[in-house]
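In: can't give you the sequence, but here's the structure:
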Ligand SMILES: Cc1ncc(COP(=O)(O)O)c(C=O)c1O
Ligand SMILES: C[C@@H](O)[C@H](N)C(=O)O
């Protein structure tokens, strides 16, 4: 029987705190379609201030934030965007930009540090003189931190260079900033500086900040005005959303200061996992709250078998590909939970070794 549960599947698994629930219960609300919900306006203004953009728009998810941003930039048929081959938009968002927006994706290889080579981005930009055959490149998308690389951070300098490239060719730049606060804390660089070159950013409040629901898209006033119409078109016409925005606002106030602790626990977990025979963690690449752990071939256990075994001990994680598993830290994971997680991995790998008579 499972006596303890430690959930490291994602930073999306957190439960709203009492302060968030109280804020929800007491939120000032109004109809955000016929007018403006005052609490939503407060959150959107605060996110615009933090990111250094003119305006913001609350959306129910990061997926919708990216979708609305891409489709608002690419309102003309035949549009193409350049994005990472392991970007969240390309891998995990049901191909929404194409299925709903008719936008064509052109992927560029994501490097292990989460970047895309500038020369490969430039080479992917279509030559408009051949428009009889080519789609039209309209947008470049970055992701910071970059989840599939294990939460690696893109520097402001790199982002600026991509922004300069976009401007050189008359393109826009969108940042999937689902974990931009993690990148800001890890780099010691303010969010507004990290996204300075971007025309739009989608920022999740429902990840490391621990809000139950929600993201905010930020950009120019005219961009946000068009994005709000598209949100309604996509069924995201939100009425008394102050209930959700109040929790998100509380998350911003309560948990921003805890991100550094998440990163510290991630580094500590990585170092301890790396000591376990049969596992390998590239500790130097753990920059934020995500830890990728490789299972060495000699361990004779697959990633799915390991996930299942750990679940029996009450430790929940996700597979991240062949012989790779992922651990994601968040504010509801204690130091004791980290120690418990390590003990579960030690137990699981020792069990496999015993089964195989390994010395
Ligand atoms: C990098 C990144 N972008 C966007 C999203 C989408 O966010 P949501 O799950 O709220 O749709 C996620 C996942 O949660 C993510 O990890
Ligand atoms: C799985 C993925 O969609 C989610 N963004 C996560 O990181 O947990």
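Out: Received the coordinates, thanks. Computed from a predicted structure; not experimentally measured. Ligands and ions are numbered 1, 2, ... in the order given.
In: if you count neighbours, what's buried in the helix or strand hosting residue 174?
Out: Element membership for residue 174 (DSSP states H and E) is strand 172-177. Counting neighbours by 16 or more other C-beta atoms under 10 Å, one finds that the buried residues in strand 172-177 are 172-177. Every C-beta, even on glycine, is put in place using the N, C-alpha and C of the backbone.
In: near ligand 1, list only the ones from these.
Out: Near ligand 1, judged by C-beta under 6 Å from any ligand atom, the entries from the buried residues of strand 172-177 are residue 176.
In: any idea which of the buried residues of strand 172-177 is closest to ligand 2?
Out: Set against ligand 2, the nearest of the buried residues of strand 172-177 by C-beta to the nearest ligand atom is residue 176 (9.9 Å).
In: so the closest one bridges to which residues?
Out: Beta-bridge partners recorded for residue 176 (DSSP bridges): residue 143, residue 202.
In: ok, it touching residue 67?
Out: No - in this structure, residue 176 is not within contact of residue 67 by C-beta atoms under 8 Å, at 10.8 Å.
In: what does the protein put close to ligand 2?
Out: 10, 12, 88, 92, 147.
In: which of the residues you listed are buried?
Out: 10, 12, 88, 147.
In: so for the strand holding residue 174, what's the average pLDDT?
Out: On average, the pLDDT along strand 172-177 is 98.
In: and what of stretch 291-306?
Out: Here the average pLDDT along stretch 291-306 is 94.
In: sort out which residues of that stretch are buried, please.
Out: 291-295, 299, 301, 303, 306.
In: check whether that stretch comes near ligand 1.
Out: No - shown here: stretch 291-306 not in contact with ligand 1 (C-beta under 6 Å from any ligand atom), separated by at least 13.7 Å.
In: outside of that stretch, which residues touch it?
Out: Identification of contacts with stretch 291-306 by C-beta atoms under 8 Å, 6 or more residues apart in numbering yields 150, 266, 269-270, 273, 278-282, 285, 309, 319-329, 348-349, 352-353, 356.
In: I'd like to know which of those residues are buried.
Out: Counted by 16+ other C-beta under 10 Å, the contacts of stretch 291-306 give 150, 266, 269-270, 273, 278-281, 285, 309, 319-320, 323, 325-329, 348-349, 352-353 as buried.
In: dihedrals phi and psi, the residue of the stretch 201-350 of the chain found nearest ligand 2?
Out: Among the residues of the stretch 201-350 of the chain, residue 328 lies closest to ligand 2, at 6.5 Å counting by C-beta to the nearest ligand atom. In this entry, residue 328 is assigned phi and psi values of phi -120, psi 120 (degrees, to the nearest 10).
In: residue 286 is in contact with that one, correct?
Out: No - with contact defined as C-beta under 8 Å, residue 328 does not count as touching residue 286 (11.5 Å).
In: what's near enough to touch whatever residue of the stretch 1-150 of the chain ends up closest to ligand 1?
Out: Nearest residue of the stretch 1-150 of the chain to ligand 1, counting by C-beta to the nearest ligand atom: residue 62, 2.5 Å away. Going by C-beta under 8 Å, 6+ apart, residue 62 touches 88, 176, 178, 202, 204, 206-207, 215.
In: likewise for residue 346?
Out: Going by C-beta under 8 Å, 6+ apart, the list of residues near residue 346 reads residue 276.
In: what does residue 30 give?
Out: Applying C-beta under 8 Å, 6+ apart, the residues contacting residue 30 are 36-38, 240, 242.
In: what about burial for those residues, which qualify?
Out: 37, 240, 242.
In: residue 198: which of these is nearest?
Out: Closest to residue 198 out of the buried ones among the contacts of residue 30 is residue 37 (25.6 Å), distances taken as C-beta to C-beta.
In: what values do phi and psi take at the residue of the chain found nearest ligand 2?
Out: Nearest to ligand 2, among the residues of the chain, is residue 10, at 3.2 Å (C-beta to the nearest ligand atom). Backbone geometry at residue 10, expressed as degrees, to the nearest 10, gives phi -170, psi 170.
In: low-confidence ranges, the stretch 251-359 of the chain, go.
Out: 358-359 (pLDDT under 70).
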